[in-house]
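Student: return atomic coordinates for the entry below.
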Amino acid sequence: MRIGVIADVHGHAAALRAVLAALSPRTDRIVCLGDLTDGAGEDEACVTEARTRDLPAVLGRHDRRTLERGGPGLSPESRAWLAALPRMRAVEGLHLVHDNPIAPAGLARGMWRAGTFVR
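Tutor: Residues are numbered from 1 along each chain as shown. Got it, this is the predicted structure:
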């Protein structure tokens, strides 16, 4: 199975559509590793695109911040879909995460390198 992976769209709907169009004929499935939104731009269009395509996705840091601010510009359906995304999930034997699965704000406190937490 060929799986296409997208991430860090940050509200750029035209770029998302272009990447999905390029990946669709070449892959059996597309997954999203989060950050569809950035609290500005075309967040609603990006979430709707992922939601209506039923893309398996995980919640990213920017998505979480968008929701913490009340999901400005998102429809109730898109806000609910985004809020229901897990931080981690398994798809076709792959473990999907956006960032540090142990400490979601890990970049603010340090980074993981070669399996060791570095401050």
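
Student: low-scoring stretches of this structure, by residue?
Tutor: In the prediction, the chain carries residues with pLDDT under 70 at positions 101-119.

Student: can you give me the strands in it?
Tutor: Secondary structure of the chain by DSSP state E: the strands cover 3-6, 29-32, 88-91, 94-97, 111-113, 116-118.

Student: out of those, deepest packed?
Tutor: Comparing those by mean neighbour count (mean count of other C-beta atoms under 10 Å), strand 29-32 ranks first with a mean of 20. Quick note: C-beta positions are derived from backbone N, CA and C, even for glycine.

Student: leaving out sequence neighbours, find the closest residue to the residue nearest the centre of the chain.
Tutor: With distances taken as C-alpha atoms, centre = their mean, the chain has Gly34 as the residue nearest its mean C-alpha position (1.3 Å). Using C-beta to C-beta, 6 or more residues apart in numbering and skipping residues adjacent in sequence, the residue nearest Gly34 is Gly60, 2.6 Å away.

Student: go on, Leu36?
Tutor: Cys46 (4.5 Å).

Student: so who does the residue lying closest to Val19 once chain neighbours are set aside touch?
Tutor: If you skip the residues right next to it in sequence, Val19 has Ile6 as its closest partner in space, 5.8 Å away by C-beta to C-beta, 6+ apart. Ile6 is in contact with 16, 19-20, 23, 30-33, 55, counting by C-beta atoms under 8 Å, 6 or more residues apart in numbering.
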